[in-house]
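*Asks:* Take a look and give me a structure for this.
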Amino acid sequence: MAAKALKSVAKVVGGEYQYPWREKLAKYKNELSKGVGGYWELGAWKPLFISARRRARLRKEVLLAGADWPYDPERKEMRTKRKGHKVDRIAAEKRERTAELMEAMPQMLADYRKRRWERKMKAEEDAAKKALND
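*Replies:* Numbers count the residues shown, from 1 in each chain. Modelled structure (predicted):
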């Protein structure tokens, strides 16, 4: 299929292939370098002199011939933002956090009991010291 398309693009002149896209590329080089759809000039949008259909056909001919096409715009980074409802994501995160806290709960309770016991012992010591001083 590609070979058939290549034959339709190339002309045979004097025993060797001649590619008309080279001439077109040279002719529209300045126009193609301005952008894909057009460009801003003095605050006004100027469409390209060459139509999008002709530009696409020329691009296809160049790529089929195996040449490089430097006039495509740079691609943006892929979107990393997840789709869906924020409420659902937040609820899932809360469930995960709750599960983590429940695993740590026995240690947290032990720490709480220890702090409460230390506070009680300190209060009893303070009361005993106060009783001795009075």
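*Asks:* From W117, how far out is the nearest residue to S33 once chain neighbours are set aside?
*Replies:* Nearest non-adjacent residue to S33, counting by C-beta to C-beta, 6 or more residues apart in numbering: Y71, 6.5 Å away. C-beta: built from backbone N, CA, C; applies to glycine. From Y71 across to W117, the span is 77 Å (C-beta to C-beta, to the nearest Å).
*Asks:* Among these two, which residue is more densely surrounded?
*Replies:* Y71 (18 against 10; other C-beta atoms under 10 Å).
*Asks:* wait, that one sits on L32?
*Replies:* Yes - the criterion here is C-beta atoms under 8 Å, and Y71 meets it with L32 at 4.4 Å.
*Asks:* okay, now A65: neighbour count?
*Replies:* When neighbours are defined as other C-beta under 10 Å, A65 has 14 of them.
*Asks:* What about the residue nearest to S33? Give its phi and psi, please.
*Replies:* phi -90, psi 0 (degrees, to the nearest 10).
*Asks:* Quick check: the gap between it and N30.
*Replies:* According to C-beta to C-beta, Y71 stands 11 Å off from N30.
*Asks:* what about Y28, how many residues close to it?
*Replies:* Using other C-beta under 10 Å: Y28 sits among 17 other residues.
*Asks:* How about E31: what's its closest non-neighbour residue?
*Replies:* F49 (4.9 Å).
*Asks:* tell me the domain ranges of the chain?
*Replies:* Following automatic domain parsing, the chain resolves into domains at 2-64, 87-134.
*Asks:* Comparing these, which comes out most buried?
*Replies:* Ranked by average neighbour count under the criterion mean count of other C-beta atoms under 10 Å, the domains of the chain are headed by domain 2-64 at a mean of 12.
*Asks:* from the middle of its chain, how far away would that domain be?
*Replies:* From the chain centre to the centre of domain 2-64 is a distance of 30 Å (C-alpha atoms, centre = their mean, to the nearest Å).
*Asks:* now swap in stretch 63-71 and tell me
*Replies:* Remark: stretch 63-71 is offset 26 Å from the chain centroid, using C-alpha atoms, centre = their mean.
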